[in-house]
Structure formats: C-alpha cells, structure tokens
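*Asks:* Below is the structure, and that's it, no one-letter string:
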C-alpha cells in the first residue's frame, strides 16, 4: 500500500517577510535616487576619506615618516593628485579646442573618402553636420552640467573637511551607539575600509600599468597629447568591466583627426587593444583574486544599478559601493544570504 506525499504547508510568514524586504529595497533605492544630488558629493567625500585613511596607514607601515606626519602627507598627496588631474584635463582640452578648425578640415577629408568608397555623389561636410545637429540647443545643458560639477566638487571638499575634523571622536560615538556590540560594529567598518582600500589599490596599479603601456604605443604612433589620453585611460580603468575597453578606443578615434594616415590609427587601436587584453585579462585577475570577492556578474549588474542611481559617479564607485553592501549584509543572519550571492566563493565573511 502506497501513501501519497502530503504537500508541505506554505510558510506565509516567510513569504510576507520576503515581500516586505523586496518592497523596502525598492523604496530605499527610489529614495536614494531622489536624493542623488545631495548624496553623491557625500559618498564621494566618504570615498576620499577612506582613500586618505588607506594612504595614511600605508605611510605609517612602509615609510620612516613620523606617525603624526602621515595624515597631513596623505591629505596633501590626494589633493595634489586631483589638482594635477584637473590641470591635465583643462590644459589639454583647451589645446584640443584651439585646434578645432584643423579637425574640421580633417573630418571633411574623411567624409569625402567615405563617400567615394560608398559611391555617394555629394559628400556631407563637417559644417553641414554641425548645422543639422543644432548645437545651440545643447549649450544650456552643457553649461548646467558644468555648473553642477563645480558645485559638486565644492560640496565634496566641504564634506571631506568636516569628516576629517570629526575623525577623532568617531570611536567614542561608536562606543556610545553600540555599547556591547562595539566590536561587531568596528568589524563591519574595518571590513568595509579594507575592501575599498584593496579595490582602490588594485585598480590603481592596474591603471598605472595600462596607462604606461598605452602611452608607449601612442608615443610610437606620434599621437599628440599622449599624457592626456594616458590619464583618460587611467581614470576609465576605475569603471569596471567596460571602462578600460572604452578608454583605449578614444585615442585611435582622435588619431583619425590628428594623424595623416588612417592605417596608423588602426595599428594603434590594435596595439592598445593588445595592451588592454594583456593587462585586464592576464595581470588584473591574478591581482584581484587576492583582494576582491565579488561575483563577476554582480560587478556588471552593480555597474548598471549604481550608474542609474548616481550617474557617472556611481559608475566609478559601483564596485566599492557593492563591497560596502556585501560587508554589511554579511554581518547579519537575516541578510547573509544576500552577501553570499554577491560574493564570488560564497564566503563573504571569510576575508
């Protein structure tokens, strides 16, 4: 005599809890998106604070500097780097804009060559394309974006200054807030800081290798503004998955306007892609394997998610923000499953 299997009753409380969690995540994401203009400079300031803290710790461990001098040196180094970055961008963009008339002539030549290859009798001109695009309608948008960037940079520096001033009392606040759970709270903070510092360290080394090798290829092709394009490739490397790939494609496109022979730009593209493949697919995974523990598909999805929330800043900070989410979720039994899914080896709390 066989007995029929009795179906297990549905755990309605568990379904309700999961539904509430999904709704809470959606509402939280919407609230963060709605407040993105306020939160973006604040998050960037936190990122810079962690970067300064990591550099300070490295200076204390690996240099003979006095402990008190490590923090000022770290602040000066970070501020000087971003000042240098701003100078490189402004100086080279101004030089490129100054040569716009030469680029227009070169574009007309390329359009004529393309029309001849395609059998088009009347080739379009650069002036005609610009007239059709009607750039005047984008002037307000560009001006507004530039104003937002300047305003955001000012707020980032203000937030960073106040955060640096409040560092001394941070541990006292943690003691008061968490009491007996102080060690657990400090563990979360330490895990977040270590994850962000590891990511920044790896991406910086990978970016330096990629930019240096790319600069050699561009210099060999006699491309102007090599330092600027190398810096663009270095910055683009901080956008995971697609940043470096897009970065190495920009100089060859610019080379079509600057270099006499198109084959030189094509050869330069092949060389840059070879450099990108060697560094990103061979060197970087070995370095990242010892420092990051995020599933590759999560890296791609987090890039799309944080870019929607915070725009370009979210694209640059997508991996650090995901590291923060994974570290926090790993500390609580109710959310540890999320951290396991985000991790690469299913052990987000083991690092």
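*Replies:* Nice, I can see it. Everything numeric here is computed off the predicted structure, so don't read it as measured data.
*Asks:* my guess is residue 255 meets residue 268, correct?
*Replies:* Yes: counting by C-beta atoms under 8 Å, residue 255 does reach residue 268; the two are 5.7 Å apart. Where C-beta positions appear, they are placed from N, C-alpha and C, glycine not excepted.
*Asks:* Quickly list what's touching both of those two.
*Replies:* In terms of C-beta atoms under 8 Å, 6 or more residues apart in numbering, residue 255 and residue 268 are both contacted by the residues 221, 223.
*Asks:* Now residue 249: phi and psi?
*Replies:* Backbone geometry at residue 249, expressed as degrees, to the nearest 10, gives phi -90, psi -20.
*Asks:* Equivalent analysis for residue 65, please.
*Replies:* The phi/psi pair for residue 65 (degrees, to the nearest 10) is phi -60, psi 140.
*Asks:* Distance of residue 229 relative to residue 255?
*Replies:* 9 Å (C-beta to C-beta, to the nearest Å).
*Asks:* what residues do the two have in common as contacts?
*Replies:* residue 223.
*Asks:* helices or strands next to the longest helix along the chain in the packing?
*Replies:* In the chain, with assignment by DSSP state H, the single longest helix is helix 182-220. For helix 182-220, the elements it packs on are helix 36-62, helix 170-178, helix 226-236, helix 262-278, helix 284-288, helix 318-329, judged by 3 or more C-beta pairs under 8 Å, 6 or more residues apart in numbering; DSSP states H and E.
*Asks:* quick one: average confidence on the fifth one?
*Replies:* Per-residue pLDDT values over helix 284-288 give a mean of 66.
*Asks:* Please pull up the helix or strand immediately following it.
*Replies:* Next along the chain after helix 284-288, taking DSSP states H and E as the criterion, comes helix 296-310.
*Asks:* Buried residues, the helix or strand just after that following helix. List them.
*Replies:* Where DSSP H and E defines the elements, the next helix or strand beyond helix 296-310 is helix 312-316. Using 16 or more other C-beta atoms under 10 Å as the test for burial, helix 312-316 gives 313-316.
*Asks:* got TSV for the residues you listed, with distance to residue 264 and pLDDT too?
*Replies:* Output for the buried residues of helix 312-316, formatted as TSV (distance: C-beta to C-beta, whole Å; pLDDT from 0 to 100):
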residue	distance to residue 264	pLDDT
313	35	82
314	36	85
315	31	84
316	32	83
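*Asks:* quick check, residue 223 in a helix?
*Replies:* No: counting by DSSP: H, G, I helix; E, B strand; the rest coil, residue 223 is not found in a helix; it is coil.
*Asks:* going forward, begin numbering at 23 instead of 1
*Replies:* Sure, I'll start numbering at 23, so the last one becomes residue 245.
*Asks:* Show the pLDDT at it.
*Replies:* 84.
*Asks:* Return the distance of the residue nearest to it when sequence neighbours are not counted relative to residue 248.
*Replies:* Distance criterion C-beta to C-beta, 6 or more residues apart in numbering; nearest residue to residue 245, sequence neighbours excluded, is residue 277 at 5.4 Å. Distance, residue 277 to residue 248, by C-beta to C-beta: 11 Å.
*Asks:* go on, residue 256?
*Replies:* Taking C-beta to C-beta, one finds residue 256 at 12 Å from residue 248.
*Asks:* How about residue 319?
*Replies:* In terms of C-beta to C-beta, residue 319 sits 35 Å off from residue 248.
*Asks:* and the two? which has more neighbours close in?
*Replies:* residue 248 (19 against 9; other C-beta atoms under 10 Å).
*Asks:* residues contacting the nearest residue to that one once chain neighbours are set aside?
*Replies:* Residue nearest to residue 248 in three dimensions, not counting chain neighbours: residue 240, with 4.7 Å by C-beta to C-beta, 6+ apart. With contact taken as C-beta under 8 Å, 6+ apart, residue 240 is in contact with 248, 251-252, 273, 290, 294.
*Asks:* Give me the residue ranges of the stretch 23-172 of the chain where confidence is low.
*Replies:* 23-37, 39-40, 116, 118-172 (pLDDT under 70).
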